[in-house]
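**Student:** got a sequence here, can you build the structure:
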Amino acid sequence: MTGSMFAATTKIIARFANRCGASLQFHRMMGSLFRSADSLVRGCRGWVRDARTRLSALRFVAVARRFGAFALLASLVNSAVGQVTISNVTVVNVTPTSFSVVWSESSATLAPVTPAIAVFADSAGVTNLAGQVGLEYFPLNSGATNATNAYQQRLSQSSLRQESQSLGLAEVRVSGLSPSTTYYFQVQASDTNGAQASLPVSGPFPTVTTAQENGFVVQSLQLVINFPPSNPAGSIILLTNALSPSVLAGVIGDGAGSNQVYFSLSDILAASGNTNLVPVGDVVFTANVLGNTEGTAPQSYDLVFTTNFSVGAGNQFAVGQFLGLSLGSTAVQAGTSGSLPLGLFSALGVTNITFNLTLPTNAFSALAVQTVSPQAGGSTLQLVSSNLISVSIAAPTGQTLQGAQTLAQLNFTVASNQPSAFVPVNALSVQVANYDGSAPTNVAVQTSQLVIVGQQPLLQTSIGAGGARSLSLYGIPWNSYVLQFATNLSAPIHWMDYVRVPMTNIVQLISGLNAQPPAVFYRAYQLNANPPVLDLGGGSTGPFAVTAYGLTGTNYVLQYATNLSGTVAWHPLVNYTLTNSFRVLGNIGNTNTGMFFRIAKP
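**Tutor:** Okay, here's the model as predicted:
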């Protein structure tokens, strides 16, 4: 180092030290220079507010680097712009084609922080998938529920994203992925002062494996949780469960009230990670606030899953002193019996609860309430009007109803002459008495749906991720139905056959519908095939099977031929009598010979 360079260096240090109030003794030895620099850093915590001082410091850093003072450079930069920290990194909302990552981030200077993520095809981060995968920052479902048009909805979504970011939270959805594939990621954050952080700094990077496929969930439950003002809109809530490591994330105010978070429990993956979790019985869910800066304790909820089919059955709870009443959903055939579960979640001990249920009582030949919880002492049901019944449930003397549980069930028998219908079931006029004589200040009620299946089939539509369309067809088991579609209802309407459905259950999910037309209309009718009809394939019986449709009680012969040229020789293969409207005929062909089939009456 030349004397002039050293003089220039010490002059810069002196000017920098004077501006910061640091007392330094200058030495000509390089080791003393580093010690002096350390003293300088300790004495200059507020220099970032002075632009001229910052410039002098940067000149000093440039000179110091000539002497290998990399440690000094790092100290000066950290002191100048502060540090960005990343914590609570969690993989959430994994599907066959996407996953999300959430984390907390902050800047030591309280500057705004911007999140980022890098996705790799290998653990070392050699193959960066930038441009090959989709990235969506602060993804949302729909925003505020009170938005009346698309513009207001976009405004509410923008506001929620800003709220999440102001709370020091980040969420990124990675999409466009392949099923059953392992990906690697690195989360990143930077503030407006230029400070940056990455976690982890280098490989091996954390992994996430996408699911293999979306499975059919028999009982589709939803969970809505009310939060106090200490957890404002934009807060990210993590939902874990006792059966699998799958984690869901939701944003307070997204697709729910401004103090609520919404979860679709059908999105939880099984422990294997291959497809959706299909639980049976009691399952404990725990909700945690990401970052938990307000000290909100984790909240646990015990939900009961059954083998009864239901779509969108809801459970609504709250954090704090509250009570939640949930009503299950089910589908039954006219003339048969069924039950609706009545769930209770109470943070405080409840001695009794009374509420009215909206039901068209003339559609039922029998109605009764039955307690199923060991905590419940007795229950009563009274007819209020033709569309209203009153239910009352009480705890035994000296005891209370508390926690999450299926408290009772509404048993019913549907009258045999009832037409098919979707029947909404609502709870009104809920009256609750706590053990101390008070009443809960926050009572949440989740409505449900009863599907009555008569002679007419019913269709219910749903739209999944990416606009995927599906239908639920309700019909009488062992009847056959034809699903038709049209792209508009202007006369004349052109209905086209989509698929024939042999019903083996009261409901059949039909997925993979065409998502391209902006609007598609569907209808279904019962099939009494005369003449008989054949469809290739028969579910689990193997590829060489046919499904034969016809008239119940009629005898048919399945015939085959090996070619259709010249005089066709048809040979009998299976002689059968239909006991219902269809029959699957398996093991009827082989892989070596082309075969043609037809049905005839003997």
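
**Student:** can you give me the strands in the stretch 51-200 of the chain?
**Tutor:** Along the stretch 51-200 of the chain, the segments classed as strands by DSSP state E, counting those that start in this stretch run 84-92, 99-107, 113-120, 134-137, 169-175, 182-191, 196-199.

**Student:** list the buried residues in the last one.
**Tutor:** Judged by neighbour count (16 or more other Cβ atoms under 10 Å), strand 196-199 contains these buried residues: 197, 198, 199. Heads up, the C-betas are built off the backbone N, CA and C, glycines and all.

**Student:** equivalent analysis for the first one, please.
**Tutor:** Within strand 84-92, the residues scored as buried using 16+ other Cβ under 10 Å are 84, 85, 86, 88, 89, 90, 91, 92.

**Student:** and the longest strand along the chain, which strands flank it?
**Tutor:** In the chain, with assignment by DSSP state E, the single longest strand is strand 337-358. Partner strands and pairing direction for strand 337-358 (DSSP bridges) are strand 323-327 (antiparallel), strand 388-394 (antiparallel), strand 401-414 (antiparallel), strand 427-434 (antiparallel).

**Student:** all helices of the stretch 401-550 of the chain, in order?
**Tutor:** For the stretch 401-550 of the chain, applying DSSP state H, counting those that start in this stretch gives no helices.

**Student:** any low-confidence regions in it?
**Tutor:** Applying pLDDT under 70 to the stretch 401-550 of the chain flags residues 441, 465-466, 538-543.

**Student:** what segments of it are strands?
**Tutor:** 401-414, 421-425, 427-434, 443-446, 448-453, 458-463, 469-474, 480-486, 496-502, 507-513, 521-526, 533-536, 546-549.

**Student:** of those strands, which is nearest residue 222?
**Tutor:** strand 443-446 (8.0 Å; Cβ to Cβ).

**Student:** from the contact counts, what lies against that closest one?
**Tutor:** strand 219-226, strand 310-318, strand 323-327, strand 427-434 (3 or more Cβ pairs under 8 Å, 6 or more residues apart in numbering; DSSP states H and E).

**Student:** can you redo the buried residues of strand 196-199 as JSON lines with pLDDT and distance to residue 258?
**Tutor:** As requested, the buried residues of strand 196-199 are exported to JSON lines (pLDDT from 0 to 100; distance: Cβ to Cβ, whole Å):
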{"residue": "197", "pLDDT": "94", "distance to residue 258": "32"}
{"residue": "198", "pLDDT": "94", "distance to residue 258": "34"}
{"residue": "199", "pLDDT": "94", "distance to residue 258": "32"}
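
**Student:** follow-up on the earlier one: give me whichever of the strands paired with strand 337-358 is most buried.
**Tutor:** strand 323-327 (a mean of 25; mean count of other Cβ atoms under 10 Å).

**Student:** now do that strand: distance to the chain's middle.
**Tutor:** Relative to the centre of its chain, strand 323-327 is centred 21 Å away, using Cα atoms, centre = their mean, to the nearest Å.

**Student:** just checking: what are the partner strands of the next helix or strand after it?
**Tutor:** Later in the chain than strand 323-327, the nearest helix or strand by DSSP states H and E is strand 330-333. Pairing partners of strand 330-333, with direction, according to DSSP bridges: strand 448-453 (parallel).

**Student:** what sits up against the partner strand?
**Tutor:** 310-314, 326-334, 338, 340, 359, 363, 414, 418-425, 458, 474-476, 506-507 (Cβ atoms under 8 Å, 6 or more residues apart in numbering).

**Student:** buried ones among those residues?
**Tutor:** 310-311, 313-314, 326-334, 338, 340, 359, 363, 414, 418, 420-421, 425, 458, 474-476, 506-507.

**Student:** which residues touch residue 558?
**Tutor:** Neighbours of residue 558 in contact, by Cβ under 8 Å, 6+ apart: 546, 548, 572, 573, 574, 575, 576, 585, 588, 597, 598, 599.

**Student:** and the contacts of stretch 463-474?
**Tutor:** With Cβ under 8 Å, 6+ apart as the criterion, stretch 463-474 contacts 95, 97-98, 214, 311, 331, 420, 451, 453, 457-462, 481, 483, 501, 503, 506-515, 520, 522, 524.

**Student:** try 7 Å this time
**Tutor:** Stretch 463-474 has contacts (Cβ atoms under 7 Å, 6 or more residues apart in numbering) with 95, 311, 331, 451, 453, 457-462, 481, 483, 501, 506-511, 513, 515, 522, 524.

**Student:** related to what we said a few turns ago, closest to residue 394 out of the strands of the stretch 51-200 of the chain?
**Tutor:** Of all these, the one in closest proximity to residue 394, counting by Cβ to Cβ, is strand 84-92 (40.8 Å).

**Student:** what is the mean pLDDT for the closest one?
**Tutor:** Across strand 84-92, pLDDT averages out at 94.
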